[in-house]
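Chemist: Could you work out the structure for the sequence below:
(one chain, ligands or ions: 1)
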Amino acid sequence: MVEMVNKQYSHLKNKPATVYWLDNKLYLNITNKCSNHCLFCIRNFQEGVGGFILKLPEEPSIDRVITDLEEVSNTKNWTEAVFCGFGEPTERLDCLLEITRWLRRRYGKSLHIRVNTNGQGDLIIA
Ligand code: SF4
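Modeler: Numbering: from 1, shown residues only. Below you'll find the predicted structure:
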């Protein structure tokens with residue numbers, strides 16, 4: 001099934017991705033901003049992961065992320081959505097919250113939602 005999805009949506013791998021996937025998990029790349037500049041950051045060494053380009057030419061609008069989500073939302077039984085990309089998700093708190101609401105409306109509580117954060121959200125939002 002993963003191979004089928006990957007083949008059907010291989011065109012998404014040729015452009016910067018706000019939504020990408022590994023196995024049954026959806027990943028959300030909603031920003032390239034980050035409050036840190038870690039030397040070991042994968043962004044210093046790669047353009048993306050899993051064949052997806054995660055360096056974004058600009059910060060994506062909420063509508064763009066939702067459009068990208070809608071394109072793959074029915075393709076398989078996603079078990080988890082993870083806000084994890086080439087930036088710190090709380091840098092786009094408005095987008096993070098709006099997309100979370102969209103995911104809850106679309107999947108109810110069957111989808112586990114997780115935020116991969118550097119823990120600096122309080123400082124970023126202050
Ligand atoms: S995305 Fe993560 S690893 Fe990269 S600079 Fe930010 S906190 Fe560090």
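Chemist: Okay, now stretch 36-45: how far is its last residue from its first?
Modeler: Here the two ends of stretch 36-45 are set 16 Å apart, with distance taken as C-alpha to C-alpha, to the nearest Å.
Chemist: Oh, that last question was meant for stretch 104-116, not what I typed.
Modeler: 18 Å.
Chemist: again, but for stretch 76-94
Modeler: Using C-alpha to C-alpha, the gap from the first to the last residue of stretch 76-94 comes to 27 Å.
Chemist: phi, psi of the most centrally placed residue in the chain?
Modeler: Nearest to the centroid of the C-alpha atoms of the chain, with distances taken as C-alpha atoms, centre = their mean, sits L28, at 1.0 Å. Note on L28: backbone dihedrals following degrees, to the nearest 10 are phi -120, psi 120.
Chemist: That one touches G87, doesn't it?
Modeler: No. Taking C-beta atoms under 8 Å as the definition, L28 is not a contact partner of G87, at 10.7 Å. For glycine as for every other residue, the C-beta is placed from the backbone atoms N, C-alpha and C.
Chemist: sorry, back to before: who touches the residue nearest to the centre of the chain in this structure?
Modeler: Neighbouring residues of L28 by C-beta atoms under 8 Å, 6 or more residues apart in numbering: 18-19, 65, 69, 81-85, 89, 99.
Chemist: now with 10 Å?
Modeler: The neighbourhood of L28, defined by C-beta atoms under 10 Å, 6 or more residues apart in numbering, consists of 17-20, 60, 65, 68-69, 81-85, 89, 92, 95-96, 99-100, 103, 113, 115-116.
Chemist: next one: N116
Modeler: Residues in contact with N116 (C-beta under 10 Å, 6+ apart) are 27-28, 82-85, 88-89.
Chemist: and if you look at I99?
Modeler: Under the criterion of C-beta under 10 Å, 6+ apart, the contact list for I99 reads 18-19, 28, 30, 62, 65-66, 69, 81, 83, 89, 92, 113.
Chemist: what does the chain have sitting close to the ligand?
Modeler: In this structure, the chain approaches the ligand at residues 34, 36-38, 41, 43, 87-88, 118, judged by C-beta under 6 Å from any ligand atom.
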